[in-house]
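Trainee: Sharing a model that was predicted from the sequence below.
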Amino acid sequence: MAFALLVTFAAPAHAVQPDEVLKDPVLEHRAREISSELRCLVCQNQSIDDSDAPLAKDLRVIVRERLQKGDSDPAVLRYVVDRYGEFVLLRPVFALHTLLLWLTPILAVLLGAFGIWRLARRRPAAPVRT
């Protein structure tokens, strides 16, 4: 029973209000998928699907309106990015202008490994005691 309670409380909280939910389950699923990819511009580290901020609600409504008008998922994302900028994407695009963002973790690991290798080579060998 304790495990069931733990799993229940560990489930992600969605801030979608009942009045926002679309009647078509397929469109609602698509809206949830898109919403999980968009950053709340107020909370910044939450998706608009998880945020209670008024701006997140406005973005959720925009996503649902665009889907009801017949836009494809990429078209909806493009519409929101054109309006709010690439910062609204939780997963930034891999492009020339975001190359540093994507390569910095790899460079940090490589520099760390190189530093450890250099330190290991510089240490004198321990004298052998007989």
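Mentor: Received it, and whenever you're ready, just let me know what you need.
Trainee: wait, residue 90 sits on residue 35?
Mentor: No. Counting by CB atoms under 8 Å, residue 90 stays clear of residue 35, with 10.2 Å between them. All C-beta spots, glycine's among them, are computed from the backbone N, C-alpha and C.
Trainee: which residues are common contacts for those two?
Mentor: residue 47 (CB atoms under 8 Å, 6 or more residues apart in numbering).
Trainee: quick one, which of the two is more surrounded?
Mentor: Using other CB atoms under 10 Å as the criterion, residue 90 and residue 35 rank with residue 35 on top: 24 against 15.
Trainee: OK, contacts around the more buried one?
Mentor: Contacts of residue 35 by CB under 8 Å, 6+ apart are 16, 47-49, 59-60, 63.
Trainee: Just put the residues you listed in TSV and tack on distance to residue 79 and pLDDT.
Mentor: As requested, the contacts of residue 35 are exported to TSV (distance: CB to CB, whole Å; pLDDT from 0 to 100):
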residue	distance to residue 79	pLDDT
16	19	65
47	17	89
48	14	89
49	17	87
59	11	92
60	14	91
63	9	93
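Trainee: Much appreciated, bye for now.
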